[in-house]
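Chemist: The following comprises the amino acid sequence and a computationally predicted model.
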Amino acid sequence: MILETERLILRPWVENDAEDLYRYASDPAVGPIVGWPVHSDVENSREIIRDVLSAPGIFAVVLKETGRPVGAVGIMLGVRGFPDSEGEIGYWIGRPFWGRGLVPEAVYETLRYGFEELNLEKIWLGYYDGNERSKRVQEKCGFRLHHTTENVLTALGDRRTEHMACLTKDEWTAAGGPRRTGGPRRTGGSRSRAGRRYPLPLVACRSSHLTAMRQSREASIRPKGVSRPHWGRTPGIRRRVFAVWKTSVRFLFAVTPDF
């Protein structure tokens, strides 16, 4: 199974990915915060691919621009005693790619895959206390906090507080499903292999919306009795309006930070 978005290809891991996996999984800022140890060497990464990442539903997150994996995303079934109609999403990405919105983009497509192709009714997503980046991904993707569990044993042998959120198929559909979100916020959306196009969230306004905003600003500031063509040729007023409009656009894109 291969999935595709605007910037990413989600495909199964292969052993030849071991060096790329080690490059990012050996970073102590990546694994321990989600509960697994750093990889010790390339051979250790190769073993992880064979024993863990080769499971069904786990994908390498591959950048189209390079063709190389930079992280992982997966939807796991039959875990935590969940019924067959429910699954759990997990993900991570290498530190050089933080802040680019790649994880939400991968999660959006994985949600579509889970609800539309696996026919799941509910999808879970968890994070450990203190992992604010993962919390923001949950919020962006529409998950709602369901419960919190303390003293959860991790693969590192320590105990942490875990927050679990979930999203039902009905909630996902009511919110617009694949039409509501998907793909990077600052480009034209994303496509799955089936060719579906997913528009952007509201913060990524199209140019026509920005033009309407600018005209509204102009109307509110323009001196009474001065026509727009004449007013538009007044440099001082035009510069002040442009500064207000530019600040408003910057605020729109800063409302929701990228992962």
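Modeler: Cool, the structure landed.
Chemist: does residue 50 sit in a helix, a strand or a coil?
Modeler: helix (DSSP: H, G, I helix; E, B strand; the rest coil).
Chemist: Go ahead and confirm it touches residue 13.
Modeler: No. Under the criterion of Cβ atoms under 8 Å, residue 50 makes no contact with residue 13, lying 9.1 Å away. Every C-beta, even on glycine, is put in place using the N, C-alpha and C of the backbone.
Chemist: More neighbours: these two, which one.
Modeler: Neighbour count, other Cβ atoms under 10 Å: between residue 50 and residue 13, residue 13 has more, with 23 against 12.
Chemist: ok, the more buried one to residue 48 distance?
Modeler: According to Cβ to Cβ, to the nearest Å, residue 13 and residue 48 sit 9 Å apart.
Chemist: Give the intersection of the neighbour lists for the two.
Modeler: Residues touching both residue 13 and residue 48 (Cβ atoms under 8 Å, 6 or more residues apart in numbering): residue 21.
Chemist: which intervals of the stretch 51-200 of the chain have sub-threshold pLDDT?
Modeler: For the stretch 51-200 of the chain, the stretches flagged by pLDDT under 70 are 178-200.
Chemist: Which residue ranges of it form strands?
Modeler: Taking DSSP state E, counting those that start in this stretch as the test, the strands found in the stretch 51-200 of the chain are 58-63, 69-77, 86-93, 122-128, 144-153, 159-168, 190-191, 197-198.
Chemist: just checking, what packs against the fourth one?
Modeler: On a contact count with 3 or more Cβ pairs under 8 Å, 6 or more residues apart in numbering; DSSP states H and E, strand 122-128 meets strand 86-93, helix 132-140, strand 159-168.
Chemist: Those into a markdown table, with extra columns for distance to residue 110 and mean neighbour count?
Modeler: Shown next, in a markdown table, are the helices and strands packed on strand 122-128 (distance: least, Cβ to Cβ, whole Å; neighbours: other Cβ atoms under 10 Å):
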| stretch | distance to residue 110 | mean neighbour count |
| --- | --- | --- |
| strand 86-93 | 6 | 22 |
| helix 132-140 | 11 | 18 |
| strand 159-168 | 11 | 17 |
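Chemist: how about those, which one is nearest residue 35?
Modeler: strand 159-168 (7.4 Å; Cβ to Cβ).
Chemist: Break down this protein into its helices, ranges please.
Modeler: Applying DSSP state H to the chain gives helices spanning 18-25, 42-48, 102-112, 132-140, 169-174, 207-221, 228-232, 235-254.
Chemist: if we can go back for a sec, identify whichever of the strands of the stretch 51-200 of the chain lies nearest to residue 4.
Modeler: Taking Cβ to Cβ, strand 190-191 is the member of the strands of the stretch 51-200 of the chain nearest to residue 4, at 6.5 Å.
Chemist: Please give me every residue in contact with the nearest residue to residue 138 once chain neighbours are set aside.
Modeler: Of all residues not flanking residue 138 in the chain, residue 165 sits nearest, at 5.0 Å (Cβ to Cβ, 6 or more residues apart in numbering). Counting by Cβ under 8 Å, 6+ apart, residue 165 makes contact with 124-126, 138, 143-146.
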